[in-house]
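# sequence? don't have it. structure:
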C-alpha cells in the first residue's frame, strides 16, 4: 500500500474512532482488572436512543415497561458452552465467530439482559437489512457485516454520539466529508441508509486492503487502523485479534465480542424466546426525484401519509425540507403510494407553499420546535412519576409513549441523569393514559 493511502485510511479511522472512543457506553464493555475479567456489561446507549424513535414507541402497546428488564441481574443462562460453540459453527460465517467467556457474557446480554430492545432491533432489521445486504453484495463484502449498525447505532439512523458520530454507521463529520457525503443545513447523508452504507462498504474495503483479516477490520472500524497497528506492534507483531486484545483501546475490546454476540442473537432469537417487534415501516419502498423545494408536511397533508413515516423513510432531511432547486433530491415513499404522488405532484408542491417557503412565515418542523419550547401535546394528561431503581430515561419514555427529548424538556434533565425518588412530570396521551390506568 502506498504511503498516502495508509495516511488517508489512518486519518479516516481515527476520525471515526474518536467518536466511539469518547463514548464508552456506545457498546457493551468488559472492564479488566488485575484478577481477570469482571462481569460488567453495559449495553449500548444506542439502544436507549432507539427507544424514543416513534416506531419504537409504537411497537409496545402493553402497559409494562422495561423496568423489569432493567432490573435483571445478568445471571448466566443455563446453556452449556458446547451448545453456543455448535450454534456459532452452524452459522458457517465467512467472518470468524470464536467463542469464549467474554463472548458468552455479550450473548447473555443480548439474549437475556435487554430482550425488549433486541426485539425492536429484530423488527427494524426486516426493513434495514435488505438495504445493507444489497450494497454489501455490490461491493463483494461479507453479508455478516450488516450487523455492524446493530452495535454502532441500534439501527437508529438518527443516532448521534456525544462526539458527533451520526447515523446507522456512526460516521464523524470529517469522515463523511472525506467520502463525499453531502452535509449541509438541509441534508446529512450520514443519516441516509443507502448512502451511508455505500460509504461504510468503501471504508471496510479500504480497511481490508490493509489487514486481510475481517476481525481486525471490524476492530479498526471502531478504533481506527492507527490504534490496531499500535496494538500489533505492542504484541510483538502478532496479528490475531485475541492476541492483541489487551493492547487495544478498552472500548474496542468489547466491540468484536459484541459483534459475535449480536450475530448469534439475531440468528438464534427464537431459541431464546425473542420475537421481532412489528414495525409500521412499509414492506416495499421506491423513490421519486424532487427538483423543487418540497416540505415533507406538504406530502403528508396532501397524500395522507403520517409525517413520522415520511421522516423515518427520509431521515437525511434534517429540517423536513428537500432542497430540490439546488440539487435533485430523492424522496422515498411506500411503493404503493408512488403512483399517487406522481398524479398529485403539482398539488403537493402548491399546497401552502407560500407558508412553508416564505422566510417570514416559515413553519419549523415540529420535532425541531419542541426542542426549544416546552410543548405540551394537545389533550395530554399530566402525570407525576416517581423514579425507581433501574429506571433510565429511555425505559420511562417507552412506558408512557413519549420521546426521551420530551421527557428531558419537561423535567429539565441533563445528560440522561435521573435519581431514585425523583418526581418527573409526564404528559401522557389520552389513549396511553387509559391503557395505564392514569386519570
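That came through fine. Note that the coordinates shown come from a computational prediction; the quantities given were computed from them, not determined experimentally. Numbers count the residues shown, from 1 in each chain.
# quick one: contacts for residue 332?
For residue 332, the contact set (C-beta atoms under 8 Å, 6 or more residues apart in numbering) comprises 285, 286, 287, 313, 314. Any C-beta I mention is one placed from the backbone N, CA and C, and that applies to glycine too.
# Assign a three-state SS to the third one, would you?
Local secondary structure at residue 287 is given as strand here, using DSSP: H, G, I helix; E, B strand; the rest coil.
# Give me the below-cutoff pLDDT ranges for the stretch 51-200 of the chain.
Applying pLDDT under 70 to the stretch 51-200 of the chain flags the ranges 51-77.
# make it 80
Applying pLDDT under 80 to the stretch 51-200 of the chain flags residues 51-77, 114, 162-163.
# the helices in it, which residues?
54-58, 67-70, 81-90, 101-108, 115-138, 148-153, 173-178, 193-211 (DSSP state H, counting those that start in this stretch).
# Which other helices and strands does the host helix or strand of residue 302 contact?
Using DSSP states H and E, residue 302 maps to helix 296-303. Judged by 3 or more C-beta pairs under 8 Å, 6 or more residues apart in numbering; DSSP states H and E, helix 296-303 is in contact with helix 307-313, helix 338-350, helix 353-356.
# residues making contact with the longest one?
In other words, helix 338-350. The contact list for helix 338-350 (C-beta under 8 Å, 6+ apart) reads 286, 288, 292, 294, 298, 299, 302, 303, 331, 333.
# Need those residues in JSON lines (columns: distance to residue 381).
Listed next are the contacts of helix 338-350 as JSON lines, based on distance: C-beta to C-beta, whole Å:
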{"residue": "286", "distance to residue 381": "40"}
{"residue": "288", "distance to residue 381": "40"}
{"residue": "292", "distance to residue 381": "42"}
{"residue": "294", "distance to residue 381": "36"}
{"residue": "298", "distance to residue 381": "32"}
{"residue": "299", "distance to residue 381": "31"}
{"residue": "302", "distance to residue 381": "32"}
{"residue": "303", "distance to residue 381": "31"}
{"residue": "331", "distance to residue 381": "36"}
{"residue": "333", "distance to residue 381": "34"}
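# which among those end up buried?
Neighbour-count burial (16 or more other C-beta atoms under 10 Å) is assigned, among those, to 286, 294, 298, 299, 302, 303, 331, 333.
# just to revisit the earlier point, now for the contacts of residue 332, which pair is the farthest apart?
Farthest pair in those (C-beta to C-beta) is 286 and 314. Separation: 12.6 Å.
# Who are the contact partners of residue 128?
Counting by C-beta under 8 Å, 6+ apart, residue 128 touches 149, 155, 168, 193.
# How many residues are close by the last one?
Meaning residue 193. Neighbourhood size, residue 193 [other C-beta atoms under 10 Å]: 24.
# repeat for the first one
Other residues lying near residue 149 total 29 when counted by other C-beta under 10 Å.
# That one: what's its closest spatial neighbour, skipping adjacent residues?
Closest residue in space to residue 149, ignoring its immediate chain neighbours: residue 168 at 4.2 Å, by C-beta to C-beta, 6 or more residues apart in numbering.
# Walk me through the domains of the chain.
3-39+74-272, 285-365, 371-436 (automatic domain parsing).
# Out of those domains, flag the one nearest residue 279.
The closest of the domains of the chain to residue 279 is domain 3-39+74-272. By C-beta to C-beta, the value is 4.3 Å.
# do you know how far residue 411 is from residue 401?
According to C-beta to C-beta, to the nearest Å, residue 411 stands 16 Å off from residue 401.
# Derive a ChimeraX selection command for the buried subset of the contacts of residue 332.
Remark: buried members of the contacts of residue 332, expressed as a ChimeraX selection using 16+ other C-beta under 10 Å:
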select :285,286,313,314
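# Rebuild the contacts of residue 332 as CSV, extending it with distance to residue 396 and pLDDT.
Formatted as CSV, the contacts of residue 332 follow (distance: C-beta to C-beta, whole Å; pLDDT from 0 to 100):
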residue, distance to residue 396, pLDDT
285, 32, 94
286, 38, 95
287, 37, 96
313, 28, 95
314, 29, 96
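# can you redo the contacts of residue 332 as TSV with distance to residue 88?
What follows is those, written out as TSV (distance: C-beta to C-beta, whole Å):
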residue	distance to residue 88
285	33
286	37
287	38
313	35
314	37
